[in-house]
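Trainee: sharing a model that was predicted from the sequence below.
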Amino acid sequence: LYENGWLEEAFVNFIGPAPSGTKWAKINEQLIRSVHLFSSRPVVVVHFGMATPSEWDPSQYPRLVVLHAAPFPPEFFRRFDLNKYRSFL
């Protein structure tokens, strides 16, 4: 899937806490499913939550790369949208 720890090309997405079965977990699963059906490239999801939704099964989605990232500290107010930039970096 990748060489020397790097991907040549990939789709990138980010998501906050999204427990299994919730609206955002289902939306992201459809994105992951779509990439697997219509592209040969991997999809990287930067997850700013504690537990990955069980629907993101690695045997079903072999080109899915999930990166877990810590959220901003609670004592600082930051818009969640800033995580978009963090995920791209």
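Mentor: Done, it's in.
Trainee: report pLDDT for Arg63.
Mentor: What the model reports for Arg63 is a pLDDT of 95.
Trainee: leaving out the residues flanking it, which one is nearest to it?
Mentor: Excluding the flanking residues, the one nearest Arg63 by C-beta to C-beta, 6 or more residues apart in numbering is Pro42, at 4.1 Å. All C-beta atoms are positioned from the backbone trio N, CA, C, and that covers glycine.
Trainee: for that neighbour, give me its contacts.
Mentor: 1-2, 7, 10-11, 35, 63-65 (C-beta atoms under 8 Å, 6 or more residues apart in numbering).
Trainee: can you say which helix or strand has the residue nearest the centre of the chain in it?
Mentor: In the chain, the residue lying closest to the centroid (C-alpha atoms, centre = their mean) is Val45, at 1.6 Å. Element membership for Val45, per DSSP states H and E: strand 43-47.
Trainee: likewise Tyr61?
Mentor: Going by DSSP H and E, Tyr61 is not in any helix or strand.
Trainee: what count of nearby residues applies to it?
Mentor: Neighbourhood size, Tyr61 [other C-beta atoms under 10 Å]: 19.
Trainee: quick check: it vs Val45, distance?
Mentor: Taking C-beta to C-beta, to the nearest Å as the measure, Tyr61 falls 10 Å from Val45.
Trainee: so where is the protein shaky, pLDDT-wise?
Mentor: Along the chain, segments meeting pLDDT under 70 span 72-89.
Trainee: look through it and tell me its longest helix.
Mentor: The longest helix of the chain (DSSP state H) is helix 23-38.
Trainee: ok, back up a step: in strands only, show me the contacts of Pro42.
Mentor: If you go by DSSP state E, the contacts of Pro42 have 11, 64-65 in strands.
Trainee: can you list residues touching both of Tyr61 and Val45?
Mentor: Ile32.
Trainee: name the helix or strand for Gly21, please.
Mentor: Counting by DSSP H and E, Gly21 is found in no helix or strand.
Trainee: ok so, going back, the residue nearest to the centre of the chain and Ala18 touch, don't they?
Mentor: No. Using C-beta atoms under 8 Å, Val45 makes no contact with Ala18, being 10.0 Å away.
Trainee: shared neighbours, these two?
Mentor: Joint contacts of Val45 and Ala18 (C-beta under 8 Å, 6+ apart) are Asn28.
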